[in-house]
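[1] Quick one: sequence and predicted model below, then my questions.
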Amino acid sequence: MRAKVAQAINNDVISTWNGHASVGALAQTYLYLALSDYGYGDTAFNISIGYSTIDSQWERQVDTIIWRFTVPSNTSALLDLAGPYTQYSGKYKAGRYLKTFKLKCNDYK
């Protein structure tokens, strides 16, 4: 019976929650243990590290770069742009961002 419950939880986390779980701080410890004890340690590990994808889109408009990006929850991002046309660095917490950068070059072709 417990193995079937663990299998159902694993399937739900993978299928419904795309590898993440939203169970709260108290339940997550029991969820990790239940998954690990019944052979779903990889799912438990992926939930515990809370990985996700950083979304990033950019476009160039003459002498300006427009960049939209999302930093997933429980994550921060360090941006360090260093090149002949622009210089910028910054640290970002989880959230959605829009940044514009003026290029430092007269040749925008």
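    Noted; the coordinates are in hand.

[2] Name the next helix or strand downstream of the helix-or-strand element of the chain with minimal mean pLDDT, please.
    One helix or strand of the chain scores below all others by mean pLDDT, DSSP states H and E: helix 41-49, with a mean of 79. Next along the chain after helix 41-49, taking DSSP states H and E as the criterion, comes strand 55-61.

[3] After that following strand, heading C-terminal, what element do we hit next?
    Counting by DSSP H and E, what follows strand 55-61 is strand 64-71.

[4] what bits of the protein have low per-residue confidence?
    Within the chain, the stretches falling below the threshold (pLDDT under 70) are 22, 48-52, 85-86, 105-109.

[5] For stretch 58-76, list every residue counted as buried.
    Buried positions in stretch 58-76, judged by neighbour count with 16 or more other C-beta atoms under 10 Å: 65, 67, 69-72. Glycine gets a C-beta too; all of them are placed from N, C-alpha and C.

[6] I misspoke; the intended subject was stretch 10-18.
    Using 16+ other C-beta under 10 Å as the test for burial, stretch 10-18 gives 10, 13.

[7] Just the C-alpha atoms of that stretch, please, in CSV.
    Only the C-alpha atoms of stretch 10-18 are listed here, as CSV (Å, rounded to 0.1, in the frame of the first residue of the first chain):
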residue,chain,number,x,y,z
ASN,A,10,6.1,10.5,-7.6
ASN,A,11,3.8,10.5,-10.7
ASP,A,12,1.9,13.5,-9.5
VAL,A,13,5.1,15.5,-8.8
ILE,A,14,6.4,14.7,-12.3
SER,A,15,3.2,14.9,-14.3
THR,A,16,1.2,17.6,-12.6
TRP,A,17,3.9,19.7,-10.9
ASN,A,18,6.7,19.4,-13.6
